[in-house]
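**Student:** what follows is a predicted structure for the sequence shown.
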Amino acid sequence: MAEIDTSSGGGKKGPGVKKSKKLSTRVDLTPMVDLGFLLLTFFVFTTTMSQSTAMNMNEPKDDDTTQQIKVKNSGAMTLLLGKNNQIYYYYGQLDPNTLSEQFKSTNFKEIRKLILEKKKATPIDDLMYIIKSDKDSKFGNAINILDEMSINDIPPGHYAEVDITDTEAKLIKDTEEANGIK
Amino acid sequence: MSRPKLPRKSTTVDMTAMCDVAFLLLTFFILATKQKPPEVLTITPPSSVSAVAVPDKSIIITLTKDGRTFLMFGENTKKDETLENLNLTQGMNLTASELTKWKKQLFYGLPLNQVKSGLGMELDPAKMPGIPTDSAKNELTTWLRSITNVYAGGDQRKLEETLLVKGDNDALYPGFKQIKQAFKNNQLYKFRIVTNGEPVPVGSELYLRSQKK
């Protein structure tokens, strides 16, 4: 291949001595190097860095009623997870008279801003996020909203997962029907 | 006058060294890559900013997209003891050879009363009903009770770190709620969720706090 014959003519040997052709023992390794690097690149590119991480979950002891936390209305924000990655939220307590004004809907793109706004507007001791998942919401939604809590650096104990009430489930259902979310 | 003849030099480069390096790197990467344990069920876990790595020796409760629950025991977990405990406490009456067969399974996704009949069959995770978790008959509670029994006396925190829930992004929430209920039924209030690591979004509160440090 890329080898230039450097032997110059070969030394003269005596008459009658047969010239035996010397074969080089050298093997051209270039293709092998090519192959080596090709495989190397292939493996490096196909290997996906799988980094599974673990998220801690702390569940409240729900049989212990004495541990019920009193939440101030001014500091509470309730996040309801609905169908189709929708989030519904309201501040404080639901008042039957002002339902339509209180009960708002949003999505996962906007929620970070809303959580942050609430955090900035509320003294930290009063702050409480209540997360409720509807039966049609996804497991991923519940984890994402908890993740939003850590992204927004909400201290533990200032957010909790609570079972959804019938009124809220009905409100979600009505809103979904009105908005045509399937 | 003729020019002095320059000795012709070879243009060949010795490729041996390069070849060595290439294959050395190749070998290194192949050996250093940890093979993923065979996944019988395809799960796309949700992502989170958590940076805690998943331990190797873990007991994983898997929640599939269609809401079925499976249980998998990682290496160095008390799998055999748990199964023996279940056999005893649930009156399953498995013979020694049946028990050995049962221990060899990679994942568990049958109601306890179908285990005996399911031993001889080829198990296809797509067709298995999963461990029942409905509120009337939450068998995951039974499984977890056996696991807690087997790990009893040891470090409670170690057990909490061993138990992992791996759920699919699109699994419906009630399925997860039943799993949580099974944990609560066994006075286990802490467990961990397997997620895909993602970087903390730039500019978020958590990001700013980590920058201050």
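**Tutor:** Ah, there it is. Numbers count the residues shown, from 1 in each chain, chains lettered A, B, ... in the order given.

**Student:** secondary structure class of A:I131, three-state.
**Tutor:** The three-state label for A:I131, taken from DSSP: H, G, I helix; E, B strand; the rest coil, comes out as strand.

**Student:** what's near enough to touch it?
**Tutor:** Each residue near A:I131 by C-beta atoms under 8 Å, 6 or more residues apart in numbering or on different chains is listed here: A:T78, A:L79, A:L81, A:A142, A:I145, A:L146, A:Y159, A:A160, A:E161, A:V162. Just so you know, the C-beta spots here come from the backbone N, C-alpha and C atoms, and that holds for glycine as well.

**Student:** filter those down to the ones near chain B?
**Tutor:** Intersecting those with the surroundings of chain B, defined as C-beta under 8 Å from any C-beta of the partner chain, gives A:L81, A:A142, A:L146.

**Student:** burial measure for the first one, as a count.
**Tutor:** Read it as A:L81. In terms of burial, A:L81 registers 25 neighbours under the definition other C-beta atoms under 10 Å in any protein chain shown.

**Student:** and for B:I193?
**Tutor:** By other C-beta under 10 Å, the residues close to B:I193 number 24.

**Student:** next, see if the host helix or strand of it gets close to chain A.
**Tutor:** When secondary structure is defined using DSSP states H and E, the element that contains B:I193 is strand B:190-197. Yes. Strand B:190-197 lies in contact with chain A when judged by C-beta under 8 Å from any C-beta; the contacting residues are B:K190, B:F191, B:R192, B:I193, B:V194, B:T195, B:N196, B:G197.

**Student:** any residue of the helix or strand just after that strand touching chain A?
**Tutor:** With elements assigned by DSSP H and E, the helix or strand that comes after strand B:190-197 is helix B:205-212. Yes. Contact of helix B:205-212 with chain A is found when judged by C-beta under 8 Å from any C-beta, involving B:E205, B:L206, B:L208, B:R209.

**Student:** list the buried ones in helix B:205-212?
**Tutor:** Applying a neighbour-count criterion of 16 or more other C-beta atoms under 10 Å in any protein chain shown, one finds B:E205, B:L206 buried in helix B:205-212.

**Student:** I'd like the average pLDDT over it.
**Tutor:** Averaged across helix B:205-212, the pLDDT comes to 79.

**Student:** and stretch B:43-57, by the same measure?
**Tutor:** The predicted model assigns stretch B:43-57 a mean pLDDT of 79.

**Student:** can you give me the buried ones in that stretch?
**Tutor:** Buried positions in stretch B:43-57, judged by neighbour count with 16+ other C-beta under 10 Å: B:I43, B:P45, B:P46, B:S47, B:S48, B:V49, B:S50, B:V54.

**Student:** mind listing what the residue most central in space within chain A touches?
**Tutor:** For chain A, the residue sitting closest to the mean C-alpha position, by C-alpha atoms, centre = their mean, is A:N144 at 7.7 Å. Taking C-beta under 8 Å, 6+ apart as the criterion, A:N144 is in contact with A:F108, B:P46, B:S47, B:S48.

**Student:** between those, which is closest to B:D170?
**Tutor:** Nearest to B:D170, judged by C-beta to C-beta, of those is B:P46 at 9.6 Å.

**Student:** returning to what we had before: filter the residues of strand B:190-197 next to chain A to the buried ones?
**Tutor:** Applying 16+ other C-beta under 10 Å to the residues of strand B:190-197 next to chain A, the neighbour count classes B:F191, B:R192, B:I193, B:V194, B:T195, B:G197 as buried.

**Student:** what about the closest residue to the first one other than its chain neighbours, distance to A:M57?
**Tutor:** What it means is B:F191. The shortest distance from B:F191 to any non-neighbouring residue, by C-beta to C-beta, 6 or more residues apart in numbering or on different chains, is to B:L163 (4.7 Å). Distance check for B:L163 against A:M57: by C-beta to C-beta, to the nearest Å, it reads 10 Å.

**Student:** same thing with A:T30?
**Tutor:** Shown here: A:T30 relative to A:M57, a distance of 57 Å by C-beta to C-beta.

**Student:** what's the answer for A:L29, then?
**Tutor:** For A:L29, the distance to A:M57 (C-beta to C-beta) stands at 56 Å.
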